[in-house]
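Participant: okay, predicted coordinates and the sequence, questions at the end:
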Amino acid sequence: MNNRKPMLFIKFGQKEHLESLQKGNLYLNNLDYFIQMEKKNNKKGMGDKSEASLMLTNVSLKFFHHDTHELAFTFDSAKTSLRMDEVLTKPVFCIMWVAAEDFEVIKEDENEVEAVLSFDAEQQKEMLSEFGDHALVIEAARFIEALERTLDQMELCCATGKIDYINYSTNKNAHLPELMNNDLSVYFKKDHSLSYQKEFRAVILNKDIEEPITINIGDMTSFSGILPSPHLLSGGFGVKINLKHESS
């Protein structure tokens, strides 16, 4: 898993929805929502039917009597998936993360560093077509602090982390016990074809929902801003970091 620490979070969407998010209103769906979205739209992206599942290719399934271990029957499968149903109703909030290494330094001196946020061609194409015409840029550390403080006050247990993008066409034995034991890592794995999303995720573990919920973590206007998506994705967004020096 990539251990780079998020510097900023970015949420793409319609401007009015992002203005609500900027006021602290986090909109959470359950995992089943994203599964059904891909099935409905027949397109992987915002939706992902492999959420919280283990995808296996070219496997042999053997069914046997548990007590006697007598083999009952066997069949081969080109592709199959395994999922524990209890994970499907957990509320989830998703957002893109960027680290310092995602910025390209274009100017620096002893007092200031100027850099631009760089997106590759796939990110520019997919993020704009899938997620909306505006983007909310949030300071990551203060967002996490506000989220954890609010959920603690609500007595909600939350797991957060970056998605680990894996190649489902290659079977990995280690993932099977993770799934069977309902290890937290099952919430943070997606197919490598979606790696351009650079998703950071918060999952509430001690609450189940059938319909979306909204949680307010407090106004984020002081440490966030809204930009048009094309401007951000094309590299038109830059930052200047002023270096403060202690007086002698």
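Facilitator: Looks like it arrived, so ask away.

Participant: low-confidence ranges in this structure?
Facilitator: For the chain, residues meeting the criterion pLDDT under 70 lie at 1-3, 38-62, 75-84, 168-182, 236, 243-248.

Participant: mind naming the longest helix for it?
Facilitator: Among all segments of the chain classified by DSSP state H, the helix with the greatest residue count is helix 140-153.

Participant: need the next SSE after that helix, C-terminal direction.
Facilitator: The helix or strand immediately downstream of helix 140-153 is strand 158-162, counting by DSSP states H and E.

Participant: and that following strand, how far out from the chain's middle?
Facilitator: 9 Å (CA atoms, centre = their mean, to the nearest Å).

Participant: please apply the same query to stretch 22-31.
Facilitator: Computed by CA atoms, centre = their mean, the separation of stretch 22-31 from the middle of its chain amounts to 13 Å.

Participant: so which bits of that stretch are buried?
Facilitator: Within stretch 22-31, the residues scored as buried using 16 or more other CB atoms under 10 Å are Gln22, Gly24, Leu26, Leu28, Asn29, Asn30, Leu31. To be clear about C-beta, it is placed using only N, CA and C from the backbone, and glycine gets the same treatment.

Participant: what's the angle between the longest helix of the chain and strand 158-162?
Facilitator: 160 degrees (axes from the mean of the first three to the mean of the last three CA atoms, to 10 degrees).

Participant: returning to what we had before: which members of the buried residues of stretch 22-31 are positioned in strands?
Facilitator: Among the buried residues of stretch 22-31, the members falling in strands (DSSP state E) are Leu26, Leu28, Asn29, Asn30.

Participant: so can I have TSV of the residues you listed showing distance to Lys190?
Facilitator: Shown next, in TSV, are those (distance: CB to CB, whole Å):
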residue	distance to Lys190
Leu26	20
Leu28	18
Asn29	15
Asn30	16
